[in-house]
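Asks: Quick one, structure for this:
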Amino acid sequence: MTRRELLTRLLTLATWGALPPALLFASRAQAGAKGAPFGKEWLIAEAERIARQPYAVPDEKLPAWIAKLDWDGYQSIRFRADRSLWRQEKLPFQARLFHLGLFFKRPVKMHEVVDGVATPIAYSPDLFDFTGKVRAGSGSVDGFAGFRIHTQADWERDMFAFLGASYFRAVGGSKQYGLSARGLAIDSGMARAEEFPDFRAFWLERPSAASDSVTIHALLDSPSVAGAYTFTVKPGDTTVMDVDAHLFTRQPIERLGIAPLTSMFQHGENDRRMGDDFRPEIHDSDGLALHTGTGEWIWRPVVNSSYVRVNSFLDDNPRGFGLLQRDRNFDHYQDDGTYYDKRPSLWVEPLGGWGKGSVMLVEIPTKDETFDNLVAFWNPADAVQAGQSLQFAYRLHWGGTPLARPAVAEVVATRTGVGGIPGQKQTVASRKFVIDFKGGKLAGLDHGSKVQPVVSASRGEIRAAAARPFKEIDGWRCNFDLVADGTAPVDLRCYLKDAAGDALTETWLYQWSPV
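Replies: Numbers count the residues shown, from 1 in each chain. Have a look, this model is predicted:
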């Protein structure tokens, strides 16, 4: 399956939080099922053992009544709320499972862990309500499609969910789903087909009555790698996930993607190429933010490119990166159904040194909002060989405003259009770029403060660069024209500095294609 096919399918089903609340309830561990000792170290050893074996392609053969489920049939299956894991114990979390079928045909094994003992959660049709369009048929069903977790703050709407390959998503205080994360990306954005690792099994640790977090373990497998993952998740206005990943490679991997993020950008104020819609903007994320190992803050607005674009941002021990939804003004979207203004941002905070590598951004053309067309991840500089073991730890922050923010001013808008002076005939073809900065020290500066724009281009000529106070946003606006010298893409860079030469803003990066 290609990235386009998988992401289209996932996004079609992607508004998990918008499905009927009764649709996704789950089971508890079956009485009498045999338990086995379980621990994180055992899972790591198991992943290493599996990686030494030939890859076993998952069996997607399902009973006929499940295999033929269509969209309406799949949606009509109702899970019984009274069988939610941890419901009877009145714990602060409940786990509810996804049924196999439709786009999700690879069975995932589920387990509950209590006091170091893992008990399988067995499938039974008695766990579900089939009073809709579907009747449970005959045939063995060995697993589920995934799961989601609810909290006592809101038993109706889930806080995070794992469903499809190694994809998972979470919400913050807005309870609005948006972009996704993955366990691992392999060869993303390359000319050949991407490899999608699967989470093949999960172990859910039973929380205590006083727990404010839940711990989940997962076994990942693919032709190139096997891995052991531990997620410790603390829901809230910002939902925080600590991720510990141990990877064991079967074969060389040309492009390994650590902490991959997947999102959607159809059009916005900086890119109206596909903007024939009554809504002024349609996107889950409007930019890639970087906090480099040297301490520099970078903002790279994303675009809906007419071709696949892959950019690498070299770094050494990055402090963080993320796909953010900075624009939170409803009037900029005018969407009262999907509420793009409430979509969460997702920030990756490395735990421990990651060494040299690059944050990679892949931008894929899309015609509509049901297709995720953005991918961002960390790609280590060292080549990945067969038989290696790798370990990465990081923290994911899902919420409206990232906890990690620059002390200097941020970019709050990027606009572009025809260059030159309005009303005057252009003598040389040019493109105008307008960048709005807000925050930091800028709010207290006026025309006499000698704020200067620093603008550069990888090719072509920069003209008429200027910066001025922009009282409407309590910030500053910078604009300049670019005269291109050909049809090749141009990399642009801009920030504002004070009279002493100190940066007043984060660094704005942009890639513009003349054609």
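
Asks: What separation do you get for L219 and A161?
Replies: Taking CB to CB, to the nearest Å as the measure, L219 falls 18 Å from A161. Every C-beta, even on glycine, is put in place using the N, C-alpha and C of the backbone.

Asks: Give the residue from those two that has the larger number of neighbours.
Replies: When neighbours are counted by other CB atoms under 10 Å, L219 and A161 differ, and A161 comes out ahead with 23 against 20.

Asks: quick one: contacts for the more buried one?
Replies: A161 makes contact with W16, F98, G146, F147, R148, I149, F168, R169, A170, according to CB atoms under 8 Å, 6 or more residues apart in numbering.

Asks: can you redo those residues as CSV with pLDDT and distance to W203?
Replies: Below are the contacts of A161 laid out as CSV (pLDDT from 0 to 100; distance: CB to CB, whole Å):
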residue, pLDDT, distance to W203
W16, 37, 21
F98, 91, 17
G146, 94, 14
F147, 95, 11
R148, 93, 16
I149, 96, 14
F168, 97, 15
R169, 97, 20
A170, 97, 19
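
Asks: Highest neighbour count among those?
Replies: Among the contacts of A161, A170 has the most neighbours (other CB under 10 Å), with 28 neighbours.

Asks: V240 is in contact with that residue, correct?
Replies: No. Applying CB atoms under 8 Å, one finds A170 not in contact with V240, separated by 9.2 Å.

Asks: Now do the shared contacts for the two.
Replies: By CB under 8 Å, 6+ apart, the residues touching both A170 and V240 are V233, L396, W398.

Asks: May I ask which of the residues you listed has the most neighbours?
Replies: W398 (29 neighbours).

Asks: beta partners of it?
Replies: Beta-bridge pairing of W398 under DSSP bridges involves T239, L346.

Asks: So it sits against G172, correct?
Replies: Yes. At 5.2 Å, W398 and G172 qualify as touching, with contact defined as CB under 8 Å.

Asks: Overlap of the contact sets of the two?
Replies: Listed as contacting both W398 and G172 by CB under 8 Å, 6+ apart are T238, T239, P344.

Asks: from these, which is closest to A56?
Replies: A56 has its nearest neighbour among these in T239, at 33.7 Å by CB to CB.

Asks: give the contact list for the closest one.
Replies: M159, F160, A170, V171, G172, V233, H397, W398, G399.

Asks: quick one: the last one and Q176 touch, right?
Replies: Right, the one you point to is G399. No. Applying CB under 8 Å, one finds G399 not in contact with Q176, separated by 10.7 Å.

Asks: shared neighbours of the two, which are they?
Replies: Shared contacts of G399 and Q176 (CB under 8 Å, 6+ apart): P344.

Asks: Look at G101 and say how many residues are nearby.
Replies: Using other CB under 10 Å, G101 has 21 neighbouring residues.

Asks: Not counting its neighbours along the chain, what's nearest it?
Replies: The shortest distance from G101 to any non-neighbouring residue, by CB to CB, 6 or more residues apart in numbering, is to L69 (4.0 Å).

Asks: now that neighbour, what's its secondary structure?
Replies: In three-state terms, and counting by DSSP: H, G, I helix; E, B strand; the rest coil, L69 is coil.
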